[in-house]
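**Student:** The amino acid sequence is not available; the structure is as follows:
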C-alpha cells in the first residue's frame, strides 16, 4: 500500500514521516534490540501519558490545584520530584493531571483535522475532475495562509477557550492531511482491484464504501498518531500566546506560558512541561513511522 | 515520458504551465483577500472603534462617524468589498487603523528583518539537515538511528520553549550571546537557531530517508562499479535525490517559518511581520491583517513556483511531465 | 540525468552570498561610548541610554491621541507639562508660572512662563497652550484621557502672550493636577498643525530630548535637546541633559527584558517582575526604582449590578473568603505592600480601612449562610435555588502582570474552600473590554492612573456607569448611590481644601464599607537599571522616570 510520492511532494508537511523505512535485512541480536529501542521507548512514553490521562490519581502524589504559597518555587528534589510552581503546586502532579486535557485537546484537534481532511480528500479524490480542481484550489488557499494567522483570526472570531483552540488547530492541520488522503484515494482508484470492480459494474458509492475508504483509513491511523503529537505542540503554542485553557487547569501549554516569566528564578517551571510536550510529540512520530512500516510490509 | 523531438510541444506545454501558475496564483490572492475581508468583519467589535484607538477609548459618536466616513466604512458591505478589491488590484493596501500609516509603508519596513530571519533559518536548516544526513549515511546503522532520534526530537520542539531554553543557556548562564535581537550578527544567532533547529529536524528526516534509499539504489551501485569514489557517488547522485523532497518542502517550510516568526520575534524583540501580525489581529487592524496575509500568500505562491522549477532542474525525469 | 551538475554547487554559494549581504545591510555602527573621565561622583556627558519597555509599543507618540501609560512613559522624555510634582510630592508650576481661580470657581487664569521655546523654534505662550487644549478637545484627535481631564472647560481665551483665561462649566478643583499629567502635555502649536500621522511620528515639545526617528517595532530614537533650559531650577545641573540620546526599545517578554539588562544590552527596564526585582537585589550591578503610580490602587471591583453581588452580604463574604495577603507575600517578594484604600498610597487624600479586609473564612461562611447560599453541590460549591455560587472574572493579559494573574489563581483556590467558584478567563484587551461592555463579569481588575483624588469620581460616580458610544464605562463596580454622588460632586468643586479632604474621605469610606471593591496594592511601577547609570530616580507627576540629570559612567 504505497503512496504515490509525486502526488505528495509539493509542500506536504507530513510527508516527512511517510517515507517508509524497513530495518536493513540481517540485523540481529544487540543490533536488532538497538534498532527497536526507539520504538520501545516511544511506546513506553505514550503508555505512561495515556495512563496518566486515564488514572491521574494513581500516578500523581499531590493535588494539582492545591496551593501552598509557603512552598512556592521549590527546586526539584525529594519532596517535589520536579519542583513546585509560583503557588507551591507540585509540577510533577500538574504534568500528570495535565495529560488528560493536553492529550484530549491534541486528539480532538487531530480528529477535527482528519475528519475535515477525509471529507475534502474524498470529494477531491473521488468526485471527478471539477470537484478535484475546486478542492485543490481551496487547499492551495489554506496552504498559502500561515497556519498561525488562520488560528489567530479564528480565535479572535470565536473567542478564546478550549473549544476554539481545538477547532483552530484542527483547521490549520486539515489541509496537510487532505492532500495526503486525496493522493491515497487517487492511488486506490487506479488500482487493479478498483478497476476490476468498475469493470464488474459496481456503483461508485459501493466502490467507495467497500474498496476505497476502508483502504484509505489505514494510513489515517498513521496520520492520527503523528498528528496527535503535532496538535499538542500547536495547542501549546496558542497557549503561549495567551489563547489557551483558562487557569488553573494544568494544561501543559498553559503551564509553560505561566512558567516562562519565572525563567530566571525557576527554570523547572518551563523545562518540564516543555519536555512532556516534546516527549509526546517525538514518541508519536516514532510510533507513526513504525505503524507506517508495518503497514507497508 | 522520455520521448525525444519535443521542442515545440515542450514550449507549448511550458507556456500553458506558466499561464496556469500565474492564474492559480492570482486566484489564491483573490481568495485570501476575500476570506480575510469577510472573516475579520465577523469578529465582534466595530472597526471604527479600532480606528479610534480600540474599545478602551472614549471616542464620541461624532468621532466614530467621522472615522467611518474617512475609511469608507459607512457604505454597504458589498460596496466596501468591491472597492477594497479594486484598491488591492491597483496595488493600494490601504491605511493601517492603529498606526495611521499606509500599510505598504509599514510592510516595507517590516519585510526585510523577517526575510533575513526566515532565509537564514531556511539555509541553516538545509545545511544542518544535509550535514547530518550525509554523516549518518556514512556511519552505519547506529549513526543512522542516532541521527534519526535527533531529528525526530528536534522536529518536536516548540519554538517558544526552544527560545526560552536557548536564552537560559547561552545568554543568561554562559553569557555568550545577546538575549535580544540586535543589529550585530551575534544578535541573530539565537533567533535563527530557534527557527532553524525544528525545521532541520523535519527536513533531515525526509532527506536522510531518500539519501539512504538512493545510496543503495542500482544507479549508485553501477557508479561504484564504474570506479567512482563513495564521496563522488554521494555528491553526484544520492545527494541530488535527497534534495528533491527537501526542495518540495521549502514552500511549506517558509510558511511555517512565518508562523514561527510570530513567536520568535516576540521573544527576541525583533521587528518583523510576525510580531505585527499578532498586534494587528489583537487591535482588529483589518488593513494590516489583510496586507500581511496577502504578502505571505504571495510569497508562498512565488516560492512554490520556484521550488517547482528547482525540482525540475534537480530531477530531469520531471522536465517532460 | 547527468545533464545537470550537482545542484548544491550552483545554488549554495549564491544563497550564502545573499545571506551575507543581508546580514551586512542590517549592521549599524555601534552606539557612541561615553567620552571622558569617570570620577566616581563627577557626572560625565555623553553616551546613549538604551531603555527597554515591556509595554505595548504606542501607535502614536503624541499622548494627546488616546492617552495611555506607555505613551506617558516615552513622551515624558520630550514633552513637558504646565504643572508637575516636586520630589516631596507637592504640585508645583513648571511651564506655567502661576494660576488663580475666581471666587465662584468658574474662571481660571493660567500664567504661562515666558522665554521658553519648543525644539522647532516656536515660542511658548498663552496661544500655544490654547492650541493644545483645543487639539485635545477636538473629536478628530480622539483623545481619551486628556479629553476627560479637560472636560469641564467651556471656553478659553488668550488675554495676552502670558495669560490664558479658562471659563469652566462647573468648578473643578482638580484642574491643576490634571495639568501635571503627560496626557495634557504642551506641544508646539506649529507642529500640531501637521497631519496626525506626522505628529504621531514625531511630536515636538520643550523637553530635554527630542524625537529623532521611530522605527516601528524596533525603537524610538531620542536625541538631546542642546538648547534645553529647565523652566524651574532644580537640585540637579543646568543646561542640556548629560546623555546624548535615548534608544527606546520594546521588549515584550519579561524574561528576555531582564536577560538583556543582565547582559548589558540595555540599561533600564520597566515592568520589572517581582521575582526579578528580588533577584536583582541580591546581584551586583543592578538597582531598583519603585515608583507607585498615582490615582487608584490596583483593586478587584465587585459588579453590584447583578446577582450574586447585588447582595451586599455576598460581596462582603467574598472579600473575607479570599486570602490576599498570603498570595502577595509569596508572589511579590515584598515589592508590593498591601493596600486597603481605593486610592494609591502616593495620594495624600487616600483613606484606608484595614479592618474591613481580613481573611476570615468562618465569617464568609456565616454571611453566605445568611444570604441563603446554604446548599452544596457535589464539587463542594455553594448553591441557592439550584444555582451554583459562581463568579466570572475576565482578566486582561495586557493589564495584569503574570504575578497578578497567579495571585488571582490563588484567590480562586482559597475562595473554593468557602464554596465560591471563580472562573478566570484570560483575554486580550479587545475581548476583555467586550466582556465588560456586555456586563458579562462579576469580578474585574482594571488599573486607572490619574493625578489626584478626583479619580474617585471617575470610578464611583453613577454618571460613570453610562457607557460612551464605544461601550466604555469606568465605574466597573457599578455602584449607584445618590449620597455618594453628592459627596463626590461636593469634593470635586469645593474651594476649601479641608472640606475637599473630608468629603473624599467620606466617599472612600462609603465605597469600602459598601464592599464594592477589594484593594490589592498600589499600581506597580518598578524599574531596574544598571549601576553604571547614575542619578536615576526623578519622575513626573504620574511616576514616569525622566533622565535629564542621569549620566552614564564608564
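**Tutor:** That came through, no problem. A quick note: this is a predicted structure, and the numbers were derived from the prediction, not measured. Numbers count the residues shown, from 1 in each chain, chains lettered A, B, ... in the order given.

**Student:** Let me know the distance separating residue A:95 from chain B.
**Tutor:** Separation of residue A:95 from chain B (CB to the nearest CB, to the nearest Å): 14 Å. Every residue, glycine included, has its C-beta placed from N, CA and C.

**Student:** Please tell me I have it right and residue C:305 contacts residue C:439.
**Tutor:** Yes - the criterion here is CB atoms under 8 Å, and residue C:305 meets it with residue C:439 at 6.6 Å.

**Student:** near chain B, which residues of the stretch 451-554 of chain C?
**Tutor:** C:468, C:469, C:470, C:471, C:472 (CB under 8 Å from any CB of the partner chain).

**Student:** with those in mind, which one is nearest to residue B:310?
**Tutor:** residue C:470 (51.5 Å; CB to CB).

**Student:** Among the residues of the stretch 451-554 of chain C next to chain B, which are located in helices?
**Tutor:** Using DSSP state H, no member of those falls in helices.

**Student:** What values do phi and psi take at residue C:155?
**Tutor:** phi -150, psi 160 (degrees, to the nearest 10).

**Student:** out of everything not next to it in sequence, what's closest to it?
**Tutor:** The spatially closest residue to residue C:155, leaving aside those adjacent along the chain, is residue C:167, at 4.6 Å (CB to CB, 6 or more residues apart in numbering or on different chains).

**Student:** Kindly confirm my reading that that neighbour is in a strand.
**Tutor:** Yes - assessed by DSSP: H, G, I helix; E, B strand; the rest coil, residue C:167 belongs to a strand.

**Student:** and it, how far is that from chain B?
**Tutor:** Applying CB to the nearest CB to residue C:167 and chain B gives a distance of 21 Å.

**Student:** likewise residue A:276?
**Tutor:** Applying CB to the nearest CB, the value for residue A:276 to chain B is 10 Å.

**Student:** and residue 252, how many neighbours does it have?
**Tutor:** The chain I'm using is chain A. As a burial measure, residue A:252 scores 31 neighbours (other CB atoms under 10 Å in any protein chain shown).

**Student:** if you could check chain C rather than the one you did, that'd help
**Tutor:** Residue C:252 has 21 nearby residues by other CB under 10 Å.

**Student:** Next up, the contacts around it.
**Tutor:** By CB atoms under 8 Å, 6 or more residues apart in numbering or on different chains, residue C:252 lies in contact with B:266, B:269, C:54, C:56.

**Student:** wouldn't the last one be in contact with residue B:275 here?
**Tutor:** No - with contacts defined as CB under 8 Å, residue C:56 does not count as touching residue B:275, sitting 10.8 Å away.

**Student:** between the two, who's got more neighbours?
**Tutor:** residue B:275 (27 against 15).

**Student:** For the more buried one, grab phi and psi.
**Tutor:** The phi/psi pair for residue B:275 (degrees, to the nearest 10) is phi -60, psi -40.

**Student:** Work out for me the element the closest residue to it other than its chain neighbours sits within.
**Tutor:** Excluding the flanking residues, the one nearest residue B:275 by CB to CB, 6+ apart is residue B:265, at 4.1 Å. For residue B:265, the host element (DSSP states H and E) is helix B:239-267.

**Student:** So what's the gap between that helix and the chain middle?
**Tutor:** Chain-centre distance of helix B:239-267: 6 Å, with CA atoms, centre = their mean, to the nearest Å.

**Student:** cool, and stretch A:283-297?
**Tutor:** 14 Å.

**Student:** So for that stretch, mean pLDDT?
**Tutor:** Mean pLDDT, computed over stretch A:283-297, is 78.

**Student:** Any buried residues in that stretch, and which?
**Tutor:** Residues of stretch A:283-297 classed as buried: A:283, A:284, A:285, A:286, A:287, A:288, A:289, A:290, A:291, A:292 (neighbour count, 16 or more other CB atoms under 10 Å in any protein chain shown).

**Student:** same thing with stretch B:75-85?
**Tutor:** Buried-residue list, stretch B:75-85, by 16+ other CB under 10 Å: B:80, B:81, B:84.

**Student:** Any part of that stretch near chain A?
**Tutor:** No - using CB under 8 Å from any CB, stretch B:75-85 stays clear of chain A, coming no nearer than 15.6 Å.

**Student:** quick one: contacts of that stretch?
**Tutor:** B:30, B:33, B:34, B:37, B:38, B:41, B:72, B:73, B:94, B:290.

**Student:** Recalculate using a threshold of 10 Å.
**Tutor:** Contact with stretch B:75-85 is made by B:30, B:33-34, B:36-38, B:41, B:47, B:68-69, B:71-74, B:92, B:94, B:286-287, B:290, as judged by CB atoms under 10 Å, 6 or more residues apart in numbering or on different chains.

**Student:** No further questions, thank you.
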